[in-house]
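Visitor: Pasting the sequence and the predicted model now:
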Amino acid sequence: AQSVTQPDIHITVSEGASLELRCNYSYGATPYLFWYVQSPGQGLQLLLKYFSGDTLVQGIKGFEAEFKRSQSSFNLRKPSVHWSDAAEYFCAVGAGQAGTALIFGKGTTLSVSS
Amino acid sequence: NAGVTQTPKFQVLKTGQSMTLQCAQDMNHEYMSWYRQDPGMGLRLIHYSVGAGITDQGEVPNGYNVSRSTTEDFPLRLLSAAPSQTSVYFCASRGLAAQETQYFGPGTRLLVL
């Protein structure tokens, strides 16, 4: 069965420091992979997605993620964190017909310290 | 173009009551789905649909019912509400191609007493 693991429940990063959020997935075929961000009381916004091709994916707000098939990972990175990046981040894998239905990880809460 | 809309935004129910959470999209998307979000659990798939007249179960379907009579609408029915169904519910839709972005509605916060 498909599954997504986000090992870090909560991460605190200083403003201006680099960020890496971890995501590991379990999926039988080539996965469709996503990162979403959710600010408090808000819905989900797509940061980036991977379907095929270049394993380094660029997203919005300066985020990028790298797909590593050998490690079953899809880690999210940002070189310099801003206070406005404080939010909850979800990794997801596409399941079902044509990857329609998403299986989410439990999320990582990012706090940014000044 | 309103995207994905959900009503109501907030609802309080008593145990045993039934209700329908509404979801509509105006993007002519084939695929629609319902998730619930609970603290520390992320989002879990309840039901999804790949087109009008076609629905399937997700991870946590028990206690919920869906139907898809039109492309635009995908209502979620709680048959007999239980406190365990207290959650935030999100509806999402996506176009036909797998590479298309899945759009989420703003959510419905449900409290079952």
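Guide: Perfect, I can see it now. Since the model is a prediction, treat every value here as computed from it, not as a measurement.
Visitor: partner residues bridging the closest residue to residue A:5 other than its chain neighbours?
Guide: Using Cβ to Cβ, 6 or more residues apart in numbering or on different chains and skipping the chain neighbours, the partner closest in space to residue A:5 is residue A:24 (4.6 Å). For the C-beta atoms, the positions are set from N, CA and C on the backbone; glycine is no exception. Listed beta-bridge partners, residue A:24: residue A:5, residue A:73 (assigned using DSSP bridges).
Visitor: Quick one, grab the pLDDT at residue A:24.
Guide: At residue A:24, the model reports a pLDDT of 97.
Visitor: Name the residues of chain A found near chain B, please.
Guide: Applying Cβ under 8 Å from any Cβ of the partner chain, we find that chain A lies next to chain B at A:6, A:9, A:32, A:34, A:42-44, A:46, A:49, A:51, A:90, A:92, A:94, A:96-107.
Visitor: And the one helix or strand residue A:57 maps to, what's buried?
Guide: Element membership of residue A:57 [criterion: DSSP states H and E] is strand A:56-58. The neighbour-count check on strand A:56-58 (16 or more other Cβ atoms under 10 Å in any protein chain shown) flags residue A:57 as buried.
Visitor: Could I get the full set of strands for chain A?
Guide: Counting by DSSP state E, chain A has strands at residues A:3-5, A:10-14, A:19-21, A:24-26, A:33-38, A:44-50, A:56-58, A:64-68, A:73-78, A:87-95, A:101-104, A:108-113.
Visitor: Leaving out the residues flanking it, which one is nearest to the most centrally placed residue in chain B?
Guide: Nearest to the mean C-alpha position of chain B, by Cα atoms, centre = their mean, lies residue B:34 at 3.0 Å. Among residues not flanking residue B:34 along the chain, residue B:46 sits closest, at 4.4 Å (Cβ to Cβ, 6+ apart).
Visitor: One more: residue A:52?
Guide: Leaving out its chain neighbours, the residue that sits closest to residue A:52 by Cβ to Cβ, 6+ apart is residue A:30, at 6.7 Å.
Visitor: returning to what we had before: for the residue nearest to residue B:34, which residues are in contact?
Guide: B:33, B:34, B:35, B:36, B:58, B:59, B:60, B:61, B:64, B:66, B:76, B:89 (Cβ atoms under 8 Å, 6 or more residues apart in numbering or on different chains).
Visitor: what's the answer for residue A:43, then?
Guide: Neighbour list for residue A:43: B:90, B:104, B:105, B:106, B:107 [criterion: Cβ under 8 Å, 6+ apart].
Visitor: Flag the helix or strand of chain A with the lowest per-element mean pLDDT.
Guide: When each helix and strand of chain A is scored by mean pLDDT, DSSP states H and E, strand A:101-104 comes last, with a mean of 85.
Visitor: quick one: contacts for residue B:71?
Guide: B:28, B:29, B:30, B:51, B:52.
Visitor: Which pLDDT value belongs to the residue sitting nearest the centre point of chain A?
Guide: Most central in chain A under Cα atoms, centre = their mean is residue A:35, positioned 3.4 Å from the mean C-alpha point. If you check residue A:35, the pLDDT there is 97.
Visitor: swap in residue A:100?
Guide: So, for residue A:100, pLDDT stands at 66.
Visitor: circling back: mind checking which of the residues of chain A next to chain B are buried?
Guide: A:6, A:32, A:34, A:43-44, A:46, A:49, A:51, A:90, A:92, A:94, A:96, A:98-107.
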